[in-house]
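J.: Let me see the structure of the following:
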Amino acid sequence: MPVRPLILYPDARLNRPADPVSATGEALRALAADVLDTLGAVSAMGLTAPHIGRPERLVVIRLQPDEPHATYVDPVVVWASAERASHPEGSVSMPGVVEPVERPARVRVRYRDLDGETHEEEAEGLRAACLQHEIDQLDGIFWIDRLTRLRRDRVLKRFAKLKAQQARAGS
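T.: This is a model prediction of the structure:
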């Protein structure tokens, strides 16, 4: 399947909640394949359908390039631990900036697979952070929205500086 162009910050579509997945069968598999191929092309750990311009609740995660990927259709966090953990986060839609984000250390996620079967998965560590990050994206919450105002302002300044440097280098 083709690699799709990414929606880039500050595009307003990144802050819109995604719709439940309407595709089924081969159409759903094609969408999942497009998200997976794009994830691999941009060297991300997780990617959502909204990142490629499809406002549907589909996530593909592959934490390491040599491990199998996992596809989550209409995922929701159904339980989160009180214990917190911090992991560096960023987004392919806002390349070049990373900042620690604190989230629940463990979560349980309910989702459907590509065949329509419902599953629940418990995750901790990096996988839990990645799932929460991508589900936030499906809910219209961009990762910098989880930062304090001061840290978010710093990230935005760093990102603006990177974009300006890239624009100067490209001219």
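J.: who does the longest helix along the chain touch, helix- and strand-wise?
T.: In the chain, assigned by DSSP state H, the helix with the most residues is helix 149-170. On a contact count with 3 or more C-beta pairs under 8 Å, 6 or more residues apart in numbering; DSSP states H and E, helix 149-170 meets strand 94-104. To be clear about C-beta, it is placed using only N, CA and C from the backbone, and glycine gets the same treatment.
J.: buried set for the strand it packs on?
T.: 94, 95, 97, 99, 101, 103, 104 (16 or more other C-beta atoms under 10 Å).
J.: Those into JSON lines, with extra columns for pLDDT and distance to residue 122?
T.: Converted to JSON lines, the buried residues of strand 94-104 look like this (pLDDT from 0 to 100; distance: C-beta to C-beta, whole Å):
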{"residue": "94", "pLDDT": "97", "distance to residue 122": "29"}
{"residue": "95", "pLDDT": "95", "distance to residue 122": "31"}
{"residue": "97", "pLDDT": "97", "distance to residue 122": "30"}
{"residue": "99", "pLDDT": "98", "distance to residue 122": "26"}
{"residue": "101", "pLDDT": "98", "distance to residue 122": "20"}
{"residue": "103", "pLDDT": "98", "distance to residue 122": "15"}
{"residue": "104", "pLDDT": "98", "distance to residue 122": "12"}
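J.: Quick check: the farthest pair among those residues?
T.: Across the buried residues of strand 94-104, the longest distance by C-beta to C-beta is 26.4 Å; it joins 95 and 104.
J.: mind listing what residue 28 touches?
T.: 21, 58, 73, 114 (C-beta atoms under 8 Å, 6 or more residues apart in numbering).
J.: which of these tops the neighbour count?
T.: residue 58 (29 neighbours; other C-beta atoms under 10 Å).
J.: who's that one bridged to?
T.: residue 73 (DSSP bridges).
J.: and it, what does it touch?
T.: By C-beta under 8 Å, 6+ apart, the contact set of residue 58 is 21, 28, 31, 32, 35, 48, 49, 71, 72, 73, 74.
J.: do you know how far it is from residue 105?
T.: 25 Å (C-beta to C-beta, to the nearest Å).
J.: With residue 160 instead?
T.: 32 Å.
J.: Once you drop chain neighbours, what's closest to residue 50?
T.: residue 18 (5.1 Å; C-beta to C-beta, 6 or more residues apart in numbering).
J.: Next one: that neighbour relative to residue 84, how far apart?
T.: Per C-beta to C-beta, residue 18 is found 26 Å from residue 84.
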